[in-house]
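**Student:** sequence and predicted model, in that order:
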Amino acid sequence: SAELAPGTEVTCSFVVPSSSQQQQIKGHVVRVEKNADDPDGMWPYRIALSFDEVEDDLVPLLEQAAARISTIP
């Protein structure tokens, strides 16, 4: 819920829906904007990350997850 400045180094931990294994990727914040959908809630900011290195086997899983998310109204 904290506002992170662009350029901040982060480690992103997540589970891709088609995999049960937790993933961790290092990267940095490239963009931050207020979240109009939840300004006073748990996620008051939307953050865009650029990942430093992504393992080759993780790329198709991320692409599948992104494709599913893009179909959500």
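**Tutor:** Received the coordinates, thanks.
**Student:** what sits against L49?
**Tutor:** L49 makes contacts with 10, 12, 27-30, as judged by CB atoms under 8 Å, 6 or more residues apart in numbering. Where C-beta positions appear, they are placed from N, C-alpha and C, glycine not excepted.
**Student:** that one and I69, how far apart?
**Tutor:** 15 Å (CB to CB, to the nearest Å).
**Student:** again with V10
**Tutor:** Distance of V10 to I69, given as CB to CB: 20 Å.
**Student:** just V30 next, same as before
**Tutor:** V30 is 18 Å from I69, by CB to CB.
**Student:** of those two, which one has the most company?
**Tutor:** In this view V30 and I69 are compared by other CB atoms under 10 Å, and V30 has more residues nearby, 12 against 9.
**Student:** confirm the more buried one sits in a helix?
**Tutor:** No - under DSSP: H, G, I helix; E, B strand; the rest coil, V30 falls outside any helix and is assigned strand.
**Student:** surely it touches R46?
**Tutor:** No - if you go by CB atoms under 8 Å, V30 and R46 don't touch, sitting 11.8 Å apart.
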